[in-house]
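S.K.: Okay, sequence plus prediction incoming.
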Amino acid sequence: MDDVAIARAIHVLAVIVWIGGVAMVTTVIFPLIRRTHAAKERLRLFESVERRFIWQARIATLLVAASGFYMIQRMNLWDRFRSAAFWWMHAMIGVWAIFTVILFIAEPLIIHEWVQRRALKSADATFALLHRLHWILLLLGLVTAFAAVAGSYGMVLVP
Ligand code: HEM
C-alpha cells in the first residue's frame, strides 16, 4: 500500500499549495489591491499576481484529481458516493469541479476579459465582487479540507 501512501502525500501537498494560495490571495493580496488608489495600478497588481498563481493552481488541481481518483480506485471507495455520511467525498469533487471550471474555462474565456473591461471603469465594485467570490471559494475549500481529514480518520460526519 506504499503507492496509496504516496498518492495521499501528493494529494495533501497539492491541496496545501492550492488552498494555501487561495488563502494568501484572499486575505493578503486582495486587501492590498483594494487599498491601492489608482485604478490602473490595481489592475496591474491583480494581473501580475493572477498570472503567476493561476499556473500553480492549475497544476495543483490536476495533481489533486489524479492522486484522488487513484486512491478511490486502489482502495475501491466508489460505494461511498452512495452514502450521505460521506458527503465530504462529494464535497471534494464539487470543490475541485468548481475550481477546474474557473481555472481552465471561465478565466481564459470570460473572466480575464471581463476584469479588463470593468476594472478601469468601476474598480471599487469589481474588486469588491472578486474579493467576495474568493472568500466563498476559500471557505468552501477550508470546510472541505477539514471534513476530508476528519472523515479519512474515521469520524462520521452526518449532515
Ligand atoms: C477530484 C477531486 C478529489 C478526489 C477524487 C479526492 C479523493 C480523495 C480520497 C480518495 C481521499 C482519501 C480518503 C480516505 O482515506 O478515506 C482524500 C483525502 C483527502 N482529500 Fe481529497 N479528493 C479530491 C479533492 C480534494 C479537495 C478539493 C480537497 C481540499 C479542499 C481535498 C482534501 C483532502 C484531504 C485534506 C484529505 C485527507 C488526507 C489525509 O489526512 O489522509 N481533496 N481525497
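M.R.: Thanks, I have it.

S.K.: Tell me the secondary structure at whichever residue of the chain sits closest to the ligand.
M.R.: Using C-beta to the nearest ligand atom, the point where the chain gets nearest to the ligand is Gly68, with a distance of 2.4 Å. Just so you know, the C-beta spots here come from the backbone N, C-alpha and C atoms, and that holds for glycine as well. Applying DSSP: H, G, I helix; E, B strand; the rest coil to Gly68 yields a three-state assignment of helix.

S.K.: now His37
M.R.: coil.

S.K.: what's the burial count for it?
M.R.: Counted with other C-beta atoms under 10 Å, the burial measure for His37 works out to 7 neighbours.

S.K.: any idea which helix or strand of this structure has the worst average confidence?
M.R.: helix 112-119 (a mean of 91; mean pLDDT, DSSP states H and E).

S.K.: Now do that one: everything it contacts.
M.R.: 39, 42-43, 46, 125-127, 130 (C-beta atoms under 8 Å, 6 or more residues apart in numbering).
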